[in-house]
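Colleague: Here is my input, please return the structure:
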Amino acid sequence: MAVHSKDEALMCKVFPSSLGPVAMRWFNGLRGNFIDSFKKLTRAFGARFITCSRIPRPLGSLLFMSMREGETLKDYSDRYLEMFNEIEGKYDDVAISTFKADHPAEHDLRKSLTGKPITSVRQLMDRIDKYTKVEEDQLQGKRKAEVISQERRDFRSNRYNNNRPRKDFVGQSGSSNTQAVNAVF
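Modeller: Numbering: from 1, shown residues only. You can find the predicted model right below:
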């Protein structure tokens with residue numbers, strides 16, 4: 001095995017000591033000159049023994065994402081950033097520009113990203129967090145307004161359409177139970 005540095009050579013020598021019998025048989029069965037760096041050795045090991053590893057997504061999968069109708073900014077940004085994390089490579093500039101382009105020009109977040117440009121996905125996430133909080137507050141305010149409106153409708157309908165018996169004061173002035181009190185001074 002040809003290695004590129006002393007550190008890689010040391011890691012390649014130490015690597016087999018951490019293997020169990022099955023992995024050791026695999027290691028001993030590697031063809032000569034098949035692996036020429038520690039990086040390739042770890043990739044070959046991972047390909048053979050790590051079964052639950054994720055395959056990196058291509059950059060195109062990020063480019064074709066779009067916000068679904070009725071989807072909140074938080075839900076979309078969560079999906080977007082999860083996809084971004086599955087892409088191998090450093091594509092901050094692409095992630096920022098595609099995220100910005102996916103929002104309507106009148107959207108406040110897009111205006112913010114255009115007015116105050118950002119340079120990293122970390123900054124994008126911070127800006128998204130700020131606008132998702134605003135969106136959540138607006139949605140919460142909308143829900144409160146709907147509840148209050150419903151309560152008002154319920155109150156009005158109970159006030160006018162209530163089936164509870166009501167006192168009828170009309171005609172009670174000539175009641176037969178009227179008693180007179182005479183007071184003499």
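
Colleague: domain parsing for the chain?
Modeller: According to automatic domain parsing, the chain comprises the domains 6-49, 59-158.

Colleague: Turn those domains into JSON lines, including mean pLDDT and mean neighbour count.
Modeller: Where you see a C-beta, it was placed from the backbone N, CA and C, and this is true even at glycine. Below are the domains of the chain laid out as JSON lines (pLDDT from 0 to 100; neighbours: other Cβ atoms under 10 Å):
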{"stretch": "domain 6-49", "mean pLDDT": "75", "mean neighbour count": "12"}
{"stretch": "domain 59-158", "mean pLDDT": "82", "mean neighbour count": "13"}
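
Colleague: so who does the closest residue in space to residue 120 that isn't next to it in sequence touch?
Modeller: Computed as Cβ to Cβ, 6 or more residues apart in numbering, the closest residue to residue 120 that is not its neighbour in sequence is residue 92, at 5.3 Å. When contacts are counted by Cβ atoms under 8 Å, 6 or more residues apart in numbering, residue 92 touches 119, 120, 121.

Colleague: Would you mind measuring from the last one to residue 26?
Modeller: Put plainly, it is residue 121. Note on residue 121: its distance to residue 26, by Cβ to Cβ, to the nearest Å, is 37 Å.

Colleague: just residue 116 next, same as before
Modeller: 53 Å.

Colleague: ok, residues contacting the one helix or strand residue 75 maps to?
Modeller: Assigned by DSSP states H and E, residue 75 belongs to helix 73-85. Contact with helix 73-85 is made by 57, 61-62, 65, 67-68, 91, 95, 99, 109, 121, 125, 128, 131-132, 135-136, as judged by Cβ under 8 Å, 6+ apart.

Colleague: again, 7 Å this time
Modeller: With Cβ atoms under 7 Å, 6 or more residues apart in numbering as the test, helix 73-85 has contacts from 57, 61-62, 65, 67, 95, 99, 109, 121, 125, 128, 131-132, 135-136.
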